[in-house]
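>>> fold the following for me, if possible:
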Amino acid sequence: MTRAFKTLDDMGDIAGKRVLVREDLNVPMADGAVTDDTRLRAAVQTVAELADRGAIVIVLAHFGRPKGMRNPAMSLSLVTRPFSQVLGRQVAFLDDEGAGNAVAMMRPGDIGLLENTRFDPGEEKNAPETVDRLASLGDLYVNDAFSAAHRAHASTEGLAHRLPAFAGRQMEAELDALDKALGNPEHPVAAVVGGAKVSSKLDVLRHLVEKVDHLIIGGGMANTFLAARGVDVGKSLCEHELTGIAEEILDAADKANCTVHLPYDVVVAKEFRANPPVRTVNVHEVAPDEMILDVGPAATEALADVLKTCRTLVWNGPMGAFETPPFDTATVALAKTAAALTKEGSLVSVAGGGDTVAALNQAGVADDFSFVSTAGGAFLEWMEGKALPGVAALQQ
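All right, here's what the predicted structure looks like:
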């Protein structure tokens, strides 16, 4: 396939070349141990391939939000050993002081990890002197951190203008998947958008109604749309002040021939906790002291039938309050349907965002989707139709 960006396949002979690789190693830690190594594992393919091809690999990453100050609790030295273990090869920690000398001592195939890029106050400002300092350490640049691509920082955007720039394997997979999902998708396309608040996804919804054939709205967001349609949602989470905007989105969908699917039966409870007494009711039968916490079984089955007619699915956000049983039922059921359709080859399914990944893992189907993005903010901005600086710089 022809792509708008170069990949590792376009690099040629890189033996002995110094390659700066931007990865996302911003992993959660507790008591000095990494509690979820997903991002470390995602970096392995690119880093190992470059080392195997004889490059001198210098990994750049941020860790936490140190605000341009040195903070020992956010030093990437803490991640060096866990990253070595996941890679199955030695990774040297390169402190900023004397990084140039340390890199000069490295041999082809060696891997080094530079200190937290955000310790430098010029990183988040994309300051030319920070770009210069980093560029002086390398001959080539690889961006493999899609999850940081919505930031125009020195290590995510600035370097791509200073050194020959390439997409790493994770970035390449992400961009290819996103192109299949919304760039050049096979229609009909469905989008599932859930989550608590409409306010956080307004731009996403406005963009999607122009792009997809079916827009499935779940989570607390659906209550705002139901209220816009005159449904009394009791004491459900609902942004009543946004019902006018919800109506505008519904009108725009009508004009664009996009069918919006809202739940018509729902699971309600009088209190929000694990396994309270619940009722399944038509949306017009929600009592004033009840809250909607999940999509009901009839609507879930109807949504599964919609997916069976589609060729492409983009998913961001759960259908109900999935962290609290039994309100994960609709999310799990719909995710299992999407996974089964993907496995049989009739659906390309792309999902992203932290809650979404957690929900798909809970359903046990994350591995069966065509692609699951670990990116949060970058995935949302892409769903909003925004250009991502880190990606745009690779496409120059």
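>>> surely L215 meets T259?
Yes. Between L215 and T259 a contact is recorded at 7.2 Å, counting by C-beta atoms under 8 Å. Where you see a C-beta, it was placed from the backbone N, CA and C, and this is true even at glycine.
>>> hey, what's in contact with both of the two?
A253 (C-beta atoms under 8 Å, 6 or more residues apart in numbering).
>>> neighbour count winner among those two?
L215 (23 against 15; other C-beta atoms under 10 Å).
>>> what's the separation between the closest residue to that one other than its chain neighbours and L226?
Nearest non-adjacent residue to L215, counting by C-beta to C-beta, 6 or more residues apart in numbering: V260, 4.9 Å away. Applying C-beta to C-beta, to the nearest Å, the value for V260 to L226 is 11 Å.
>>> of those two, which one has the most company?
More crowded of V260 and L226, by other C-beta under 10 Å: L226, with 25 against 20.
>>> average pLDDT for the strand or helix carrying the more buried one?
Secondary structure from DSSP states H and E places L226 in helix 219-228. Averaged over helix 219-228, pLDDT sits at 96.
>>> likewise stretch 290-309?
98.
>>> what is the end-to-end distance of it?
34 Å (C-alpha to C-alpha, to the nearest Å).
>>> how far off centre is it?
Using C-alpha atoms, centre = their mean, to the nearest Å, the mean C-alpha position of stretch 290-309 is found 24 Å from that of the whole chain.
>>> tell me the buried residues in it?
The neighbour-count check on stretch 290-309 (16 or more other C-beta atoms under 10 Å) flags 290-296, 299-300, 303-304, 306-307 as buried.
>>> between these, which is closest to I56?
Using C-beta to C-beta, L307 is the member of those that lies nearest I56, at 47.3 Å.
>>> surely the closest one meets A335?
No. Assessed by C-beta under 8 Å, L307 is found out of contact with A335, at 10.3 Å.
>>> where's the residue nearest to L215, which helix or strand?
Here V260 is assigned to strand 259-261, by DSSP H and E.
>>> right, and the helix or strand after that strand?
Elements were assigned by DSSP H and E; along the chain past strand 259-261, the next helix or strand is strand 265-269.
>>> which pLDDT value belongs to M1?
pLDDT, M1: 63.
>>> state the distance from A104 to R18.
9 Å.
>>> more crowded one of these two?
Neighbour comparison, A104 and R18: the larger count goes to R18, with 20 against 11 (by other C-beta under 10 Å).
>>> show me the helices in the stretch 1-150 of the chain, by range?
38-52, 77-87, 99-105, 128-135 (DSSP state H, counting those that start in this stretch).
>>> next one: the stretch 201-350 of the chain
202-209, 219-228, 243-255, 297-308, 329-343.
>>> compute the inter-axis angle for the second one and helix 202-209.
With axes from the mean of the first three to the mean of the last three C-alpha atoms, to 10 degrees applied, the angle from helix 219-228 to helix 202-209 works out at 70 degrees.
>>> in helix 219-228, what's buried?
So, applying 16+ other C-beta under 10 Å, buried residues of helix 219-228: G219, G220, M221, A222, N223, T224, F225, L226, A227, A228.
>>> ditto for the longest one
Within helix 329-343, the residues scored as buried using 16+ other C-beta under 10 Å are 329-342.
>>> quick one: the nearest residue to G244 once chain neighbours are set aside and G219, what's the gap?
Nearest residue to G244 in three dimensions, chain neighbours excluded: A228, at 7.6 Å (C-beta to C-beta, 6+ apart). Applying C-beta to C-beta, the value for A228 to G219 is 15 Å.
>>> quick check: pLDDT value at L178.
At L178, pLDDT is 88.
>>> regarding it, what is its secondary structure?
helix (DSSP: H, G, I helix; E, B strand; the rest coil).
>>> and which of the buried residues of stretch 290-309 is nearest T324?
Using C-beta to C-beta, these come closest to T324 at L293, 7.6 Å.
>>> now the closest one. Nearest residue, chain neighbours left out?
Leaving aside its sequence neighbours, L293 sits nearest to F327 (C-beta to C-beta, 6+ apart; 4.4 Å).
>>> now swap in G64 and tell me
M74 (4.0 Å).
>>> how close does that neighbour get to P318?
Taking C-beta to C-beta, one finds M74 at 30 Å from P318.
>>> same check, this time on G54
For G54 relative to P318 (C-beta to C-beta), the value is 45 Å.
>>> for those two, indicate the residue with more neighbours.
Neighbours of G54 and P318, each counted by other C-beta under 10 Å, are more numerous for P318; the result is 32 against 15.
>>> now do the end-to-end distance for stretch 283-292.
The straight-line separation of the ends of stretch 283-292 (C-alpha to C-alpha) is 9 Å.
>>> what's the answer for stretch 53-65, then?
34 Å.
>>> in it, what counts as buried?
Result for stretch 53-65 [16+ other C-beta under 10 Å]: buried residues R53, A55, I56, V57, I58, V59, L60, A61, H62, F63.
>>> list the contacts of the fifth one.
In other words, I58. Counting by C-beta under 8 Å, 6+ apart, I58 has contacts R18, V19, L20, V21, L94, V103, M106, G112, L113, L114, L137, G138.
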